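Q: sharing a sequence plus its predicted fold:
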Amino acid sequence: MSEHVIAIDQGTTSTRAIVFDRTGAIVSVGQKEHEQIMPRAGWVEHDPLEIWQNVQEVIGVALARADLTRHDIAAAGITNQRETAVVWNRRTGEPVYNAIVWQDTRTQGIVDRLAADGGIERFKEVVGLPLATYFSGTKIAWILENVEGAREAAEAGDLLFGTTDCWVLWNLTGGVDGGVHVTDVTNASRTMFMDLETLEWRDDILEVFGVPRSMLPEIRSSSEVYGTAESSSLLRETPIAGILGDQQAATFGQAAFDAGESKNTYGTGCFLIFQTGTEIVRSTNGLLTTVGYKLGDGPVHYALEGSIAVTGSLIQWLRDQLGIIESAPQVEELARRVEDNGGVYVVPAFSGLFAPYWRPDARGAIVGLTRYSNRNHIARAALEAVAYQTRDVLDAVNADVTAAGGVPLAELRVDGGMVANGALMQFQADVLGVPVVRPRVAETTALGAAYAAGLAVGFWSGLDELRANWREDARWEPTLDASERDRLLRQWRKAVEKSMDWVDEDTR
């Protein structure tokens, strides 16, 4: 009997394959980074063919490191960077353009054009999302409008669209030779095209965007057998049985299944998801209404989400663009050299501000600089910016939840690469005023995809077994005086205001 499940985690900066056992413990990992292609300011792309090549490699590495074969794997799950759009030719398997990444802001002109009739909330009642460059819809429209021959090929039925889960699944199940063109409800809910109530594509919205329905994948649940790996794969004949967008996967991996449960993932960006159960809660405070998960024929579960564009990538910026640090862990070392931020605040609005502000006109700012300021203060301010942005989102969550008759968040479960940073986690607890809790298995994104796949094939019996797997690893209690917290938050919000109204028509 197979005793393992493998998850393919196709992320913004790298692709990983992680093998898990029945307790949800990590058995082995294969990981490989891919190139971040930035041809112009605000443009961020990935090479889909490089990503597919890396998927195959990391599967091989993970299996080899655990001394396993496909016969030891009960099922495979996929989780992915959401919103990132891939358009490819169904007959050749070749992308017509690089994948346009969720951080990319080139489609602001399309957003403005669509918002001219009804504003940025024109479709929000149906899809749960405001018009923004963040989501897949405008990225597909840009490709069709700007890539030579793409519009004609799409109208002829030759082009397919997918977020990277869909691209990986299509290739893994055969590609041009019978590949399965499917996505799940969580990823579909990030396109601007799916009706939250019916879980179906909306033809009227597709017509407004100018996107042929023939390009779109079939929408399925997050946990069912979509197909099997094709014959040339190291996973051949293994059922591919789970798909969840990365933030929904992390929530699932945290065993946060029920209304009122939540998590915050600290990765390239930062994403707080608050489960609202089978009820759609429409935010009036700048949050997104999204699908949390759907297991097979079971009911769909919804969530509120606060999306922050730049957190972990801010630390990469300090390393790669400014040269303030040589490696990401060094930022904590520098931050601990000073007692406070010295009055310095960093607002990382590199792609504008996401939740709860939704201000595409904002740009990054470092404010409060004096001759006293040094790189230690900037490093500390960068870490603190992650926590401040999370506080902004949590305030919005609590406002929406209490308005709907719910209870504000009592503790925050956290995961992602940055939770290894103890200084950040303590400051996060201080600025939130609630405990912050890290699980023993921090790779919750991949674990959530593994759980979804394992449930579909009976590897795990149900949600209670998954809850029993969750274990606390570390807890940070708030220690900051309330008056000092209020002072810091006041200064932070002044800094955020300084970042707004920066982009003009002639801004480069």
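A: Nice, thanks for sending it over. Numbers count the residues shown, from 1 in each chain.
Q: for this protein, give me the ranges with low pLDDT.
A: 1, 506-508 (pLDDT under 70).
Q: scan it for its longest helix.
A: With secondary structure taken from DSSP state H, the chain has its longest helix at helix 375-403.
Q: what comes up buried for that one?
A: 376-401 (16 or more other Cβ atoms under 10 Å). C-betas here are computed from N, CA, C, even on glycine.
Q: do the same with stretch 285-305
A: 285-295, 300-305.
Q: quick one: it to chain centroid distance?
A: How far stretch 285-305 lies from its chain's middle: 14 Å, per Cα atoms, centre = their mean, to the nearest Å.
Q: for it, C-alpha coordinates in PDB please.
A: Taking Å, rounded to 0.1, in the frame of the first residue of the first chain, the C-alpha atoms of stretch 285-305 are listed here in PDB:
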ATOM      1  CA  ASN A 285     -13.400  47.300   4.000                       C
ATOM      2  CA  GLY A 286     -11.200  46.500   1.000                       C
ATOM      3  CA  LEU A 287     -10.900  42.800   1.300                       C
ATOM      4  CA  LEU A 288     -11.500  40.100  -1.400                       C
ATOM      5  CA  THR A 289     -14.300  37.600  -1.200                       C
ATOM      6  CA  THR A 290     -12.900  34.300  -2.500                       C
ATOM      7  CA  VAL A 291     -13.400  30.600  -2.500                       C
ATOM      8  CA  GLY A 292     -11.700  28.800   0.400                       C
ATOM      9  CA  TYR A 293     -12.100  25.200  -0.900                       C
ATOM     10  CA  LYS A 294     -14.500  22.600  -2.200                       C
ATOM     11  CA  LEU A 295     -14.000  18.900  -1.500                       C
ATOM     12  CA  GLY A 296     -15.500  16.700  -4.200                       C
ATOM     13  CA  ASP A 297     -19.300  16.900  -4.300                       C
ATOM     14  CA  GLY A 298     -19.300  18.700  -0.900                       C
ATOM     15  CA  PRO A 299     -20.400  22.400  -0.400                       C
ATOM     16  CA  VAL A 300     -18.200  25.200  -1.400                       C
ATOM     17  CA  HIS A 301     -16.500  27.100   1.500                       C
ATOM     18  CA  TYR A 302     -15.800  30.800   1.100                       C
ATOM     19  CA  ALA A 303     -13.300  33.200   2.700                       C
ATOM     20  CA  LEU A 304     -12.300  36.800   3.100                       C
ATOM     21  CA  GLU A 305      -8.700  37.600   2.000                       C
END
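Q: as CSV, could you dump the C-alpha coordinates of the helix or strand following the longest helix of the chain?
A: As assigned by DSSP states H and E, the chain's next helix or strand after helix 375-403 is strand 412-415. Only the C-alpha atoms of strand 412-415 are listed here, as CSV (Å, rounded to 0.1, in the frame of the first residue of the first chain):
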residue,chain,number,x,y,z
LEU,A,412,-3.1,34.3,14.2
ARG,A,413,-1.7,31.1,12.7
VAL,A,414,1.3,31.8,10.5
ASP,A,415,3.4,30.0,7.9
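Q: for strand 412-415, which residues meet the burial criterion?
A: Residues 412-415 are the ones in strand 412-415 that count as buried (16+ other Cβ under 10 Å).
Q: and the contacts of the very next helix or strand once past that strand?
A: Downstream of strand 412-415, the first helix or strand assigned by DSSP H and E is helix 422-432. Contact with helix 422-432 is made by 266, 332, 335-336, 383-384, 386-388, 390-391, 394, 412, 414, 418-419, 435-436, 438, 474, 476-480, 485, 488-489, as judged by Cβ atoms under 8 Å, 6 or more residues apart in numbering.
Q: likewise for stretch 497-505?
A: Contacts of stretch 497-505 (Cβ under 8 Å, 6+ apart): 347, 349, 352-353, 357, 359-365, 367.
Q: ok, those residues vs Leu216, which is closest?
A: Pro360 (25.7 Å; Cβ to Cβ).
Q: my guess is that closest one contacts Val111. True?
A: Yes. Judged on Cβ atoms under 8 Å, Pro360 makes contact with Val111 at a distance of 7.3 Å.
Q: quick check: neighbours shared by the two?
A: Both Pro360 and Val111 are in contact with 132-133, where contact means Cβ under 8 Å, 6+ apart.
Q: just list the residues touching Ile6, thanks.
A: When contacts are counted by Cβ under 8 Å, 6+ apart, Ile6 is found next to 17-20, 59, 62-63, 73, 75-77, 235, 238, 450.
Q: what's the closest non-adjacent residue to Ser14?
A: Glu33 (4.3 Å; Cβ to Cβ, 6 or more residues apart in numbering).
Q: just read off the phi/psi values of the residue of the chain positioned farthest from its centre.
A: In the chain, Arg371 marks the outermost C-alpha relative to the chain mean, sitting 38.2 Å out by Cα atoms, centre = their mean. Main-chain dihedrals, Arg371, degrees, to the nearest 10: phi -60, psi -20.
Q: again, but for the one 3 residues further on
A: Comment: the main-chain dihedrals of Asn374 come out as phi -140, psi -180, following degrees, to the nearest 10.
Q: look up how far Lys498 lies from it.
A: According to Cβ to Cβ, to the nearest Å, Asn374 stands 21 Å off from Lys498.
Q: what's the answer for Leu288, then?
A: Distance check for Leu288 against Lys498: by Cβ to Cβ, it reads 25 Å.
Q: what of Val96?
A: 40 Å.
Q: what does Tyr357 give?
A: Distance of Tyr357 to Lys498, computed by Cβ to Cβ: 13 Å.
Q: return the set of buried residues in stretch 477-485.
A: 478, 480, 485.
Q: narrow the residues you listed to those in helices?
A: Arg485.
Q: can you convert the buried residues of stretch 477-485 into CSV and add a column each for distance to Thr133?
A: Output for the buried residues of stretch 477-485, formatted as CSV (distance: Cβ to Cβ, whole Å):
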residue, distance to Thr133
Pro478, 35
Leu480, 35
Arg485, 33
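Q: now, which of the buried residues of stretch 477-485 sits nearest Ser2?
A: Set against Ser2, the nearest of the buried residues of stretch 477-485 by Cβ to Cβ is Pro478 (44.2 Å).
Q: distance of the closest residue to the closest one other than its chain neighbours relative to Leu353?
A: Distance criterion Cβ to Cβ, 6+ apart; nearest residue to Pro478, sequence neighbours excluded, is Ala429 at 4.6 Å. The gap separating Ala429 from Leu353 is 24 Å, by Cβ to Cβ.
Q: which one's more surrounded, these two?
A: Leu353 (26 against 23; other Cβ atoms under 10 Å).
Q: what's across from the more buried one in the sheet?
A: Beta bridges link Leu353 to Arg359, judged by DSSP bridges.
Q: and it, how far from Met418?
A: 19 Å.
Q: how many neighbouring residues does the spatially closest residue to Ala328 that is not a sequence neighbour have?
A: Nearest residue to Ala328 in three dimensions, chain neighbours excluded: Ile315, at 5.1 Å (Cβ to Cβ, 6+ apart). As a burial measure, Ile315 scores 28 neighbours (other Cβ under 10 Å).
Q: my read: Ile315 touches Pro329, true?
A: No. Ile315 is not in contact with Pro329 according to Cβ under 8 Å; the separation is 9.3 Å.
Q: residue ranges for the strands of the stretch 201-350 of the chain, please.
A: Taking DSSP state E, counting those that start in this stretch, the strands of the stretch 201-350 of the chain run over residues 218-220, 223-228, 239-245, 262-266, 270-277, 288-294, 300-308, 345-347.
Q: need the helices for the stretch 151-300 of the chain, in chain order.
A: Under the criterion DSSP state H, counting those that start in this stretch, the stretch 151-300 of the chain contains helices at 164-172, 185-188, 203-209, 246-253.
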